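Asker: after the sequence you'll find the predicted model.
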Amino acid sequence: MRDVDAWSMRARSRHLFVAVVVAFSCFSAPGAFGQRRGAASDEQIVQEAQLVTSGARVDLFQHGIAVDQALVTAAESALARMEGLLGWKLDEATLGSRVRIYVSASTTISHVWRGYNHPSDPKAIVFLIPRVADAAVRGTNATYGHELAHLLTWRYASHTLREGLADYLALQLHPGAGVGPSPQGYGSPPSVTLEIEEYLGTTMPPPAAVTANPAFRRAYYFASYRFVRYLIERAGIAVFLKLYDANDPESEFQPLYGASRKELIAAAAK
Ligand SMILES: [Zn+2]
């Protein structure tokens with residue numbers, strides 16, 4: 001009897017332990033990233049960070065590390081150049097006129113405020129990991145441009161078009177540079193599976209593997225970039241932005257490009 005009680009107590013405490021671990025993992029993972037375990041939240045970083053310097057449009061903050069203030073110049077130049085490429089300006093009516101960049105020792109994946117859920121609470125806030133901030137000043141990593149591009153194109157329907165466009169704009173500024181999950185750049189690109197192609201240009205939310213599996217993440221971002229670059233080179237940025245702005249981009253491929261989504265994906269892969 002006592003053994004049974006002892007067993008059930010152990011089983012119960014094991015279940016409790018599992019439940020606590022699961023709950024902690026869920027609540028400590030910010031946005032759609034699952035990037036941190038027990039480190040400072042984005043809200044904490046915003047509260048605790050120190051202002052390094054302010055430029056005409058960008059405020060630069062540091063948190064737990066020292067940041068080179070030259071990043072402000074690089075960021076402002078990137079914003080202006082990407083606005084020129086897009087043919088539109090930062091949506092100041094929604095986001096405000098100032099862009100805030102936080103470089104934090106607690107950040108493990110660079111992202112914008114609320115990550116993939118940014119449109120639910122749009123703010124002009126970017127979080128960068130220290131390695132990416134250092135490389136931004138040297139021009140060897142374009143991730144800062146990728147995250148700033150998300151601010152300029154914050155309203156999106158298709159996650160793959162969003163990520164592909166951010167890579168495209170960032171790599172226009174720094175051709176051949178590392179970006180996002182590919183710090184070595186796209187010189188030796190990963191192979192793109194049929195499973196990933198199913199997502200391109202659709203409104204499907206990103207699969208869990210994008211956050212859980214680094215190799216899948218690299219391939220998914222590269223596939224998105226290659227597809228967007230092909231679409232922009234085929235018909236120009238203005239046509240692409242019509243697709244990007246559409247509530248249902250899948251229904252716009254034929255009228256805008258005279259080809260189906262699948263035909264365009266096949267052509268982009270050649
Ligand atoms: Zn992104």
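Answerer: Thanks, I have it.

Asker: break the chain into its domains for me.
Answerer: Each domain of the chain is listed here as a residue range: 40-151, 156-270, per automatic domain parsing.

Asker: what is the subsequent helix or strand relative to the lowest-mean-pLDDT helix or strand in the chain?
Answerer: Using mean pLDDT, DSSP states H and E, the weakest-scoring helix or strand in the chain turns out to be helix 2-28, at a mean of 41. Downstream of helix 2-28, the next assigned helix or strand under DSSP states H and E is helix 42-48.

Asker: re the thing from before, same list (the domains of the chain) but as TSV, adding mean neighbour count and distance to the ion.
Answerer: In this view, the C-beta of every residue, glycine as well, is placed from N, C-alpha and C. Listed next are those as TSV, based on neighbours: other C-beta atoms under 10 Å; distance: least, C-beta to the ion, whole Å:
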stretch	mean neighbour count	distance to the ion
domain 40-151	19	6
domain 156-270	18	5
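
Asker: can I get those domains in JSON lines with mean pLDDT?
Answerer: Putting the domains of the chain into JSON lines (pLDDT from 0 to 100) gives the following:
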{"stretch": "domain 40-151", "mean pLDDT": "97"}
{"stretch": "domain 156-270", "mean pLDDT": "97"}
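
Asker: so in terms of bridging, what pairs with the residue nearest to the spatial centre of the chain?
Answerer: Centroid-nearest residue in the chain: H111, 5.1 Å away (criterion: C-alpha atoms, centre = their mean). Counting by DSSP bridges, H111 is bridged to F127.

Asker: looking at it, it is touching E147, isn't it?
Answerer: Yes. Using C-beta atoms under 8 Å, H111 is in contact with E147, at 6.8 Å.

Asker: quick one: contacts for the spatially closest residue to S191 that is not a sequence neighbour?
Answerer: Leaving out its chain neighbours, the residue that sits closest to S191 by C-beta to C-beta, 6 or more residues apart in numbering is A219, at 6.9 Å. By C-beta atoms under 8 Å, 6 or more residues apart in numbering, the contact set of A219 is 190-193, 196.

Asker: now, these that are in helices?
Answerer: Counting by DSSP state H, the part of the contacts of A219 found in helices is I196.

Asker: coming back round to it: now for H111 and E147: what residues contact both?
Answerer: Applying C-beta under 8 Å, 6+ apart, one finds that H111 and E147 are jointly contacted by 126-127.
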